[in-house]
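# sequence first, predicted model second:
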Amino acid sequence: MRPADEALIVVDVQNDFCPGGALAVAGGDAIIPEINALLRQFEVRVLTQDWHPADHASFADNHPGAAPFSMTEMPYGPQVLWPAHCVQGTEGAAFHPRLDTDRGDMVIRKGFRSQIDSYSAFFENDRTTPTGLEGYLRTRGVGAITLVGLATDFCVTYSALDAARLGFRVAVKMSACRAIDLDGSLADACQRMMTAGVDLI
Ligand code: VGL
Ligand code: ZN
């Protein structure tokens, strides 16, 4: 087992991010066996779940004429417009059936406010509205986190950068992540994580 002050955070291993899903990440389901093995090694285990209302502002469908994967401006900055995904209560928003969710101590949902997206497990995309995860980890005595899941270049990276900014020691286990990789976003994300002191392992 890993030391008690280390948490595993499993990001968005949901049907819509796996092959056949609405915002499928190539090989998204291939990481599940490794994640299930990791879930047995950590004392503190958090699962995150992207959890959007149908009228969510990050969905291209809610912007007449906008194409999926195009950009828009939100009050908090630029935002990618995604195909509708992870709509609350749908099969697409459910965890992948092979993910060992029984091992999760805590499920944190994010992106449930219609006017703001939330890539990070810690803060919404305005970088200030908290999800509550920081308090959960601190009250459990966590000082170090390992991130795995989907997608490397969006929710995993934003979570890693916020965690580093909050003072946690942060590692991303790259073999247990898969990327969307829009216009070089994966290389850019890795560069930003390394600059922030995140360990890519
Ligand atoms: C994600 C795009 C939109 C992710 C979530 O989990 O990386 N990406 N919503
Ligand atoms: Zn989303």
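Alright, I've got the coordinates. The structure presented is a predicted model; accordingly, all values stated were derived computationally and were not measured. Ligands and ions are numbered 1, 2, ... in the order given.
# so His96 makes contact with Val10?
No - with contacts counted by C-beta atoms under 8 Å, His96 stays clear of Val10, the gap being 10.5 Å. (C-beta placed from N, C-alpha, C; glycine too.)
# those two: who's more crowded?
The residue with more neighbours, out of His96 and Val10, is Val10; 31 against 20, by other C-beta atoms under 10 Å.
# and the more buried one, what element?
Element membership for Val10 (DSSP states H and E) is strand 6-11.
# just the C-alphas of that strand, formatted as CSV.
Presented in CSV, the C-alpha positions along strand 6-11 are these (Å, rounded to 0.1, in the frame of the first residue of the first chain):
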residue,chain,number,x,y,z
GLU,A,6,-1.3,9.9,-0.8
ALA,A,7,-4.5,10.1,-2.8
LEU,A,8,-5.4,8.6,-6.2
ILE,A,9,-7.7,10.8,-8.2
VAL,A,10,-9.5,9.0,-11.1
VAL,A,11,-10.7,11.6,-13.5
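# helices and strands around that strand, which ones?
Judged by 3 or more C-beta pairs under 8 Å, 6 or more residues apart in numbering; DSSP states H and E, strand 6-11 is in contact with helix 32-39, strand 44-50, strand 144-150.
# try 10 Å this time
Other helices and strands packing on strand 6-11, by 3 or more C-beta pairs under 10 Å, 6 or more residues apart in numbering; DSSP states H and E, are helix 32-39, strand 44-50, strand 106-110, helix 133-139, strand 144-150, helix 157-165, strand 169-178.
# hang on, the earlier thing: hey, what's in contact with both of His96 and Val10?
With contacts taken as C-beta atoms under 10 Å, 6 or more residues apart in numbering, the residues that reach both His96 and Val10 are Ile31, Ile32, Ile35, Leu150.
# the last one: what's it in contact with?
To tie it back to what came earlier, the one meant is Leu150. Applying C-beta under 10 Å, 6+ apart, one finds that Leu150 lies in contact with 10-14, 16-18, 21, 23-25, 27-29, 31, 48, 50, 96, 156, 176-180.
# and Asp55, by the same measure?
Listed by C-beta under 10 Å, 6+ apart, the contact set of Asp55 reads Asp61, Asn62, Ala84, Val87, Ser114, Gln115.
# buried among these? Need that as a selection in ChimeraX.
Written as a ChimeraX command, the selection of buried residues from these, which uses 16 or more other C-beta atoms under 10 Å, is:
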select :84,87
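# follow-up on the earlier one: out of the contacts of Leu150, who's near ligand 1?
Restricting those to those near ligand 1 by C-beta under 6 Å from any ligand atom leaves Asp12, Phe17, Asp50.
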